[in-house]
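A.B. asks: Quick one: sequence plus predicted model below, questions after.
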Amino acid sequence: MDVTQADIAIVGAGIAGASLAAMIGDRAQVVLIEAESQPGYHSTGRSAAFWSESYGGPLVQPLTAASRPWLEANGFLHPRGCIHVADAQGRAALDDLATEMAECGVEHAWLDRAALEAAIPGLRPEFTVGLTEPTCRDIDVGGLHGDFLSRARRSGTILLTDAEVTDIARTESGWRIATRAGDVSSRVVVNAAGAWASRIAAMAGASAVDIQPYRRTIAQLTTDPAMAPAMPLVMDALGRFYFKPEAGGRLWLSPHDETPVEPHDVAPEELDVAIAIDRFEHVVDWRVIRRERAWAGLRSFAPDRLPVYGFDGQAPGFFWFAGQGGFGIQTAPAAAMLAAAVLLGEALPEPVAAIDPERYSPRRFG
Ligand SMILES: Cc1cc2nc3c(=O)[nH]c(=O)nc-3n(C[C@H](O)[C@H](O)[C@H](O)COP(=O)(O)OP(=O)(O)OC[C@H]3O[C@@H](n4cnc5c(N)ncnc54)[C@H](O)[C@@H]3O)c2cc1C
C-alpha cells in the first residue's frame with residue numbers, strides 16, 4: 001500500500017484538527033487523519049452550540065474573546081443572550097461569577113426577581129436573582145466545522161477517513177503513522193484526537209498528560225408553554241442545569257453532568273435524562289410534553305482544565321492540540337491561530353498577539 005507523505009499529520013478531524021488544518025494548509029503539506037467515516041461524529045457534532053465568554057474561566061476567556069471577530073466576520077454567531085440564575089444556595093456562586101466577569105471585562109447586569117420573572121416567565125420563586133450575559137451567542141457549529149474543512153481542502157490538505165491510527169513509530173525524518181487506511185509519513189504529528197488524546201500520546205511515547213473525558217447529556221424537549229425562540233440560554237449558577245431554545249418551539253436541556261468515562265462512542269444514560277427533567281421541573285412551572293431525543297458527548301479536560309497546545313517536552317515533533325473541554329467550538333479560531341504560530345515557529349498573528357501560548361503548553365505538567 002502507498003505511504004501518504006506530509007509535513008504535518010493531524011490525528012482527529014473534529015473542530016480542533018479541522019481548524020488547525022485550515023490555518024496551516026497554505027504553508028505546509030497536511031494530512032488530516034480521522035478514524036470515523038464522518039468528521040465531527042464525536043464531541044464536535046454533539047455540542048450545545050453556544051459562545052459564552054464567561055464559560056471556562058479567566059484563562060479560557062481570552063481565547064473565546066479573540067475568536068469572536070473571526071466567527072462574526074464569517075457569519076457563524078447568532079444572537080442568543082444568557083441569564084445565569086441563582087436560588088439561595090447559588091447566590092455566592094453568582095456573586096463569584098459577577099466578580100470574575102467584571103475582572104475579565106465581560107458585559108453583565110444584575111436582575112432582581114421582577115426582572116427575572118419578566119425574562120423567564122414561569123420561573124419558580126426560589127430563583128430570586130439573575131445575571132445577564134448579553135454577548136452570549138449561538139454558534140453554527142456544522143457551518144463552522146464545514147468551513148474549516150473546506151478551507152483545509154482548498155489549500156491542499158488530504159483528509160483520510162475510516163483511518164483509525166493504530167500505531168505511531170519514530171523514523172529518521174519524523175514519524176510513520178499506521179492507520180486502517182494505510183500508512184502516513186510526516187515530520188510532525190499533531191494530537192487533535194479529543195477524548196483519545198492520551199492514547200495517541202502513549203502510542204508516540206510522548207508525555208503522559210492525562211486528558212480525561214467526561215460524559216455530558218442533552219435532551220431535546222417540547223414543553224407547555226413552548227420555550228419562545230428569542231429566549232436566552234438559562235444557566236444555573238451552581239451548574240445543575242442549563243437550557244436554551246431550539247427551532248420549532250423545542251428546547252435543549254442539560255443536567256450539566258460530568259461523569260468520568262473511558263473514550264468511546266458515548267450514549268446518554270436514562271438516569272441523566274430523568275435527572276435533567278426533574279431538575280427542570282423544579283426551575284420553571286412549564287410542563288414537559290415530550291422528550292424527542294437525547295444524546296451525550298465527551299468533554300475532555302487536562303487536570304487543570306486548561307487546553308493543551310504545544311510541542312511535547314519528551315517526544316520531539318509531537319504537538320498537542322487537545323483538552324478543549326466544554327469550550328472547543330467557541331475558542332476554535334483563536335486556538336488554531338495560536339497553535340499554528342507555535343507549530344510553524346511564526347510570530348503570533350494580531351488576534352492572539354496578546355495571549356501567552358506558554359500558559360497552555362504541555363510542558364507545564366513536567
Ligand atoms: C454536550 C456537550 C456540549 C458542549 N457544548 C459546547 C458549547 O456550547 N460550546 C463550545 O465551545 N463547546 C462545547 N462543547 C465542547 C466541544 O464540543 C469540544 O470541546 C470540541 O468538540 C472538541 O473538539 P475536538 O476536535 O477536540 O474533539 P472531537 O470532535 O471529538 O474530535 C476528535 C476526533 O479524533 C478522532 N480520533 C480519535 N482517536 C483517533 C485515532 N486513533 N485515529 C484517528 N482519529 C482519531 C475521533 O474520531 C474524533 O473525530 C460541548 C461538548 C459536549 C459533549
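C.D. replies: Nice, I can see it.
A.B. asks: Find the closest residue to the ligand in the stretch 51-200 of the chain.
C.D. replies: Residue of the stretch 51-200 of the chain nearest the ligand, by CB to the nearest ligand atom: Gly194 (2.8 Å). Any C-beta I mention is one placed from the backbone N, CA and C, and that applies to glycine too.
A.B. asks: Give the burial count for that residue, as a bare number.
C.D. replies: Burial of Gly194 is recorded as 28 neighbouring residues (other CB atoms under 10 Å).
A.B. asks: In contact with it, which residues?
C.D. replies: Each residue near Gly194 by CB atoms under 8 Å, 6 or more residues apart in numbering is listed here: Gly12, Gly14, Ala16, His42, Ser43, Thr44, Pro213, Pro263, Leu298, Ser300, Ala322, Gln324.
A.B. asks: show me which of those residues neighbour the ligand.
C.D. replies: Taking CB under 6 Å from any ligand atom as the test, the ligand is in contact with Gly12, Gly14, Ala16, His42, Ser43, Thr44, Leu298, Gln324 out of these.
A.B. asks: could you redo the contacts of Gly194 as JSON lines and give each row neighbour count and pLDDT?
C.D. replies: Listed next are the contacts of Gly194 as JSON lines, based on neighbours: other CB atoms under 10 Å; pLDDT from 0 to 100:
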{"residue": "Gly12", "neighbour count": "30", "pLDDT": "98"}
{"residue": "Gly14", "neighbour count": "26", "pLDDT": "98"}
{"residue": "Ala16", "neighbour count": "32", "pLDDT": "99"}
{"residue": "His42", "neighbour count": "26", "pLDDT": "98"}
{"residue": "Ser43", "neighbour count": "25", "pLDDT": "98"}
{"residue": "Thr44", "neighbour count": "25", "pLDDT": "98"}
{"residue": "Pro213", "neighbour count": "24", "pLDDT": "98"}
{"residue": "Pro263", "neighbour count": "18", "pLDDT": "98"}
{"residue": "Leu298", "neighbour count": "22", "pLDDT": "98"}
{"residue": "Ser300", "neighbour count": "26", "pLDDT": "98"}
{"residue": "Ala322", "neighbour count": "30", "pLDDT": "98"}
{"residue": "Gln324", "neighbour count": "31", "pLDDT": "98"}
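A.B. asks: Narrow the residues you listed to those in helices?
C.D. replies: Using DSSP state H, the members of these that fall in helices are Ala16.
A.B. asks: circling back: would you mind measuring from the residue of the stretch 51-200 of the chain closest to the ligand to Leu160?
C.D. replies: 17 Å (CB to CB, to the nearest Å).
A.B. asks: just how off-centre is stretch 281-300 within its chain?
C.D. replies: Here stretch 281-300 is found 20 Å from its chain centre; the criterion is CA atoms, centre = their mean, to the nearest Å.
A.B. asks: So for stretch 309-321, first residue to last residue, what's the gap.
C.D. replies: End-to-end distance for stretch 309-321: 5 Å, by CA to CA, to the nearest Å.
A.B. asks: quick one: is it near the ligand?
C.D. replies: No - shown here: stretch 309-321 not in contact with the ligand (CB under 6 Å from any ligand atom), separated by at least 7.6 Å.
A.B. asks: Get me the contact residues on the stretch 201-350 of the chain for the ligand.
C.D. replies: Counting by CB under 6 Å from any ligand atom, the residues of the stretch 201-350 of the chain close to the ligand are Arg216, Ile218, Gly297, Leu298, Arg299, Gln324, Gly325, Gly326, Phe327, Gly328, Ile329, Gln330.
A.B. asks: Now the last one: closest residue in space that isn't a chain neighbour?
C.D. replies: Closest residue to Gln330 in three dimensions, ignoring its sequence neighbours and counting by CB to CB, 6 or more residues apart in numbering: Trp51, at 4.2 Å.
A.B. asks: For that neighbour, which residues are in contact?
C.D. replies: Thr64, Ser67, Arg68, Leu71, Leu77, Cys136, Arg137, Asp138, Ile139, Ile329, Gln330 are the contacts of Trp51 under CB under 8 Å, 6+ apart.
A.B. asks: go with 7 Å
C.D. replies: Thr64, Leu71, Leu77, Cys136, Arg137, Ile139, Gln330 (CB atoms under 7 Å, 6 or more residues apart in numbering).
A.B. asks: Could you write me a ChimeraX select line covering just the buried ones among the residues of the stretch 201-350 of the chain next to the ligand?
C.D. replies: Listed next is the ChimeraX selection for buried residues among those, using 16 or more other CB atoms under 10 Å:
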select :216,218,297,298,299,324,325,326,327,328,329,330
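A.B. asks: The closest residue to Gly174 other than its chain neighbours sits in which helix or strand?
C.D. replies: Nearest residue to Gly174, sequence neighbours excluded (CB to CB, 6+ apart): Arg187, at 4.0 Å. Taking DSSP states H and E as the definition, one finds Arg187 inside strand 182-191.
A.B. asks: Name the nearest residue to the residue most central in space within the chain, ignoring sequence neighbours.
C.D. replies: In the chain, the C-alpha nearest the mean C-alpha coordinate belongs to Gly328, at 2.4 Å (CA atoms, centre = their mean). Closest residue in space to Gly328, ignoring its immediate chain neighbours: Ile15 at 5.6 Å, by CB to CB, 6+ apart.
A.B. asks: What is the neighbour count of that neighbour?
C.D. replies: Using other CB under 10 Å: Ile15 sits among 30 other residues.
A.B. asks: What of Thr222?
C.D. replies: So Thr222, with other CB under 10 Å, has 17 neighbours.
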